[in-house]
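Undergrad: Build the 3D model from these lines:
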Amino acid sequence: MENSDAFTRYVVHLVTRPEVPRPESLVREHVAFLKDLEAQDRLDFAGPFHDGKGGLLILRAASMDEAQATVAQDPFVIAGSSRAEIRAIQYSCPENQHLGMG
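TA: Okay, the predicted model is just below:
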């Protein structure tokens with residue numbers, strides 16, 4: 001299990017599965033899920049791609065396991081209308097001297 005530091009984020013690519021219906025009620029559940037993550041300060045970014053083929057989330061989590069468990073609760077993932085690809089990323093910023101490079 002990978003433990004995160006303060007500068008690790010989890011990039012989630014939600015890939016739309018067009019063969020699975022996505023009614024408005026499901027979209028509303030997904031948005032409520034994202035709002036809940038925001039309220040917990042666990043969501044840095046969320047948005048759909050312009051081509052309608054999915055979206056991107058940037059999560060704060062203590063580990064990859066936690067990020068995976070969080071994404072498994074997304075209504076889109078539960079309904080099978082999206083599949084999720086998750087990768088850890090290091091956040092480059094002044095606070096960590098841009099990953100020690102300046």
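
Undergrad: OK, contacts around residue 15?
TA: Applying CB atoms under 8 Å, 6 or more residues apart in numbering, we find residue 15 in contact with 53-54, 82-85. Every C-beta, even on glycine, is put in place using the N, C-alpha and C of the backbone.

Undergrad: Mind checking what secondary structure it has?
TA: Secondary structure, DSSP: H, G, I helix; E, B strand; the rest coil: residue 15 is strand.

Undergrad: Next one: it relative to residue 82, how far apart?
TA: Per CB to CB, to the nearest Å, residue 15 is found 6 Å from residue 82.

Undergrad: Just the C-alphas of the worst-scoring helix or strand of the chain on mean pLDDT, formatted as PDB.
TA: Lowest by mean pLDDT, DSSP states H and E among the helices and strands of the chain is helix 97-100, with a mean of 82. Taking Å, rounded to 0.1, in the frame of the first residue of the first chain, the C-alpha atoms of helix 97-100 are listed here in PDB:
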ATOM      1  CA  GLN A  97      10.100  23.900  -4.000                       C
ATOM      2  CA  HIS A  98       8.700  22.400  -7.200                       C
ATOM      3  CA  LEU A  99       9.600  18.900  -6.100                       C
ATOM      4  CA  GLY A 100      13.000  20.000  -4.900                       C
END
